[in-house]
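Sharing a sequence plus its predicted fold:
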Amino acid sequence: MPRAARLDIPGVLQHIMARGIEKREIYRDRNDRQEFLERLSEIIIEGQAKLYAWALMPNHFHLLLRPQVASMVEIMRRLMTGYSVWHNKRHKRSGHLFQNRYKSIVVEEEPYFLELVRYIHLNPVRGNLLMDLGQLDLNPYTGHSVILGKRNYACQDVDSVLRWFDNQVGKARRKYRAFVKAGFQQGVREELRGGGLIRSSGGREKYAACPKEEREKGDERILGDGSFVECTLKKCEKRHPRKTSSVERILAEVCRSSRISKVLVLSGSRVRSVSTARRLFLLRAYEEAGASYARLGRICGLAHTSVKQAIEKARTETELADN
């Protein structure tokens, strides 16, 4: 089943998650985590996004971001590709570090902003890496300690979080900490792990109670009620009237930038420049338009395994070029 194209709208809150390939570690030590945070900080300070919450786990990370000018695709490609190349060089390894593409969920600010800040910062507790609030207060690998003023991470927007609690910083921090503490016993909250109206409604029972017209407005890429889903999709349609990234548009862009005809790109030619352009088309169509291996195979006359191999090779080529 093809994956839906991303809803990439600057100014809209997004919950970002990415895992290591085969659930392997993406951070082996303190230096790895520090490098990742420095790269993230550079992107945020440049004004490309606002960062409200984050957590680095051994084999995955969570970010609560609001892209500003750059698209989320550009932001995450720069962050993940740059870190992957650096990590592989440092640890003398090859191959992909992250599993497929990152997951992004567009989030309705009210009522999910604070719930996600808390949920993301409690990740080390749910993962049994930390046992109590005192340990979390001092942990350097979530944004929780930054909000409390225990640590400094200049790129994190602390004020926007604290303003939800009180206008006075001291009171706001105490109320925020109490709010986080109240979530200690909540465990995994399925409704905060992704989009779709079942999650947005608070579970299957509440979803079943929704009017039929409301149930029809769900979208797995969005965490919010039906009206928010509808509004978000309209914004996306206005921004990209002919669809965010159609396969046809991507093919035209690749042909134009490579100066190679559509017939050649879709042919079986093994000329290096043609093969490179074909791989780039397959990668972009897969990641940006959500096209399946089966569909891309039909377009290019390739087997599913050949499409997958071409996409993996294109990722490697892109990583090396971006670095």
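That came through fine.

Name all residues that make contact with R101.
Going by C-beta atoms under 8 Å, 6 or more residues apart in numbering, R101 touches E287. C-beta coordinates here come from the backbone N, C-alpha and C atoms, glycine included.

So it belongs to a helix, correct?
No. Counting by DSSP: H, G, I helix; E, B strand; the rest coil, R101 is not part of a helix but coil.

Please tell me how far the residue lying closest to H87 once chain neighbours are set aside sits from G82.
The spatial neighbour of H87 that comes closest, neighbours along the chain excluded (C-beta to C-beta, 6 or more residues apart in numbering), is L97 at 5.7 Å. Summarising the geometry, the distance separating L97 from G82, computed by C-beta to C-beta, to the nearest Å, is 11 Å.

can you check S292 too?
When C-beta to C-beta is the yardstick, S292 and G82 sit 28 Å from each other.

Those two: which is more packed in?
G82 (18 against 15; other C-beta atoms under 10 Å).

Okay, and that one sits in which element?
Here G82 is covered by helix 72-90, with elements defined by DSSP states H and E.

Keeping just the C-alphas, turn the very next helix or strand once past that helix into PDB.
With elements assigned by DSSP H and E, the helix or strand that comes after helix 72-90 is strand 103-107. Only the C-alpha atoms of strand 103-107 are listed here, as PDB (Å, rounded to 0.1, in the frame of the first residue of the first chain):
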ATOM      1  CA  LYS A 103       7.600   9.700  10.900                       C
ATOM      2  CA  SER A 104       5.900  13.100  11.100                       C
ATOM      3  CA  ILE A 105       2.500  13.900  12.600                       C
ATOM      4  CA  VAL A 106       0.900  17.400  12.200                       C
ATOM      5  CA  VAL A 107      -0.500  18.300  15.600                       C
END
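
one step back: ok, residues contacting the helix holding G82?
Helix 72-90 is contacted from outside by 6, 8, 14, 16, 18, 26, 31-32, 35-36, 39-40, 43, 48-49, 65, 67, 93-98, 102, 104, 287-288, 318-320, 322-323, using C-beta under 8 Å, 6+ apart.

now that helix against strand 103-107, angle please.
For helix 72-90 against strand 103-107, the angle between stretch directions is 150 degrees (axes from the mean of the first three to the mean of the last three C-alpha atoms, to 10 degrees).

just to revisit the earlier point, ok, now which ones touch the residue nearest to H87?
Applying C-beta under 8 Å, 6+ apart, the residues contacting L97 are 20-21, 26, 80, 83-84, 87-88.

what would the residues you listed look like in JSON lines with pLDDT, neighbour count and distance to L122?
Shown next, in JSON lines, are the contacts of L97 (pLDDT from 0 to 100; neighbours: other C-beta atoms under 10 Å; distance: C-beta to C-beta, whole Å):
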{"residue": "G20", "pLDDT": "95", "neighbour count": "18", "distance to L122": "21"}
{"residue": "I21", "pLDDT": "91", "neighbour count": "13", "distance to L122": "25"}
{"residue": "I26", "pLDDT": "97", "neighbour count": "25", "distance to L122": "20"}
{"residue": "M80", "pLDDT": "94", "neighbour count": "20", "distance to L122": "24"}
{"residue": "Y83", "pLDDT": "96", "neighbour count": "22", "distance to L122": "24"}
{"residue": "S84", "pLDDT": "95", "neighbour count": "20", "distance to L122": "27"}
{"residue": "H87", "pLDDT": "97", "neighbour count": "18", "distance to L122": "26"}
{"residue": "N88", "pLDDT": "95", "neighbour count": "16", "distance to L122": "31"}
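
what's the angle from the strand or helix carrying L233 to strand 103-107?
Mapping L233 onto the secondary structure by DSSP H and E places it in helix 226-239. For helix 226-239 against strand 103-107, the angle by the same axes, to 10 degrees is 110 degrees.

in helix 226-239, what's buried?
By neighbour count, with 16 or more other C-beta atoms under 10 Å as the criterion, the buried positions of helix 226-239 are 226, 228-229, 232-233, 236.

CSV for these, including distance to L138?
Written out in CSV, the entries for the buried residues of helix 226-239 read as follows (distance: C-beta to C-beta, whole Å):
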residue, distance to L138
G226, 42
F228, 36
V229, 39
T232, 38
L233, 42
C236, 41
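
May I see the domains of this structure written out as residue ranges?
With domains defined by automatic domain parsing, the chain comprises 14-190, 195-239, 247-322.

how about stretch 33-46 as CSV, C-alpha atoms only?
Coordinates of the C-alpha atoms in stretch 33-46 are reproduced here as CSV (Å, rounded to 0.1, in the frame of the first residue of the first chain):
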residue,chain,number,x,y,z
ARG,A,33,24.5,12.6,21.3
GLN,A,34,26.4,15.9,21.6
GLU,A,35,27.1,15.9,17.8
PHE,A,36,23.4,15.3,17.1
LEU,A,37,22.3,18.1,19.4
GLU,A,38,24.9,20.5,17.9
ARG,A,39,23.6,19.8,14.4
LEU,A,40,20.0,20.2,15.5
SER,A,41,20.9,23.5,17.3
GLU,A,42,22.6,24.9,14.2
ILE,A,43,19.4,24.3,12.2
ILE,A,44,17.1,25.8,14.8
ILE,A,45,19.3,28.9,15.5
GLU,A,46,19.4,29.6,11.7
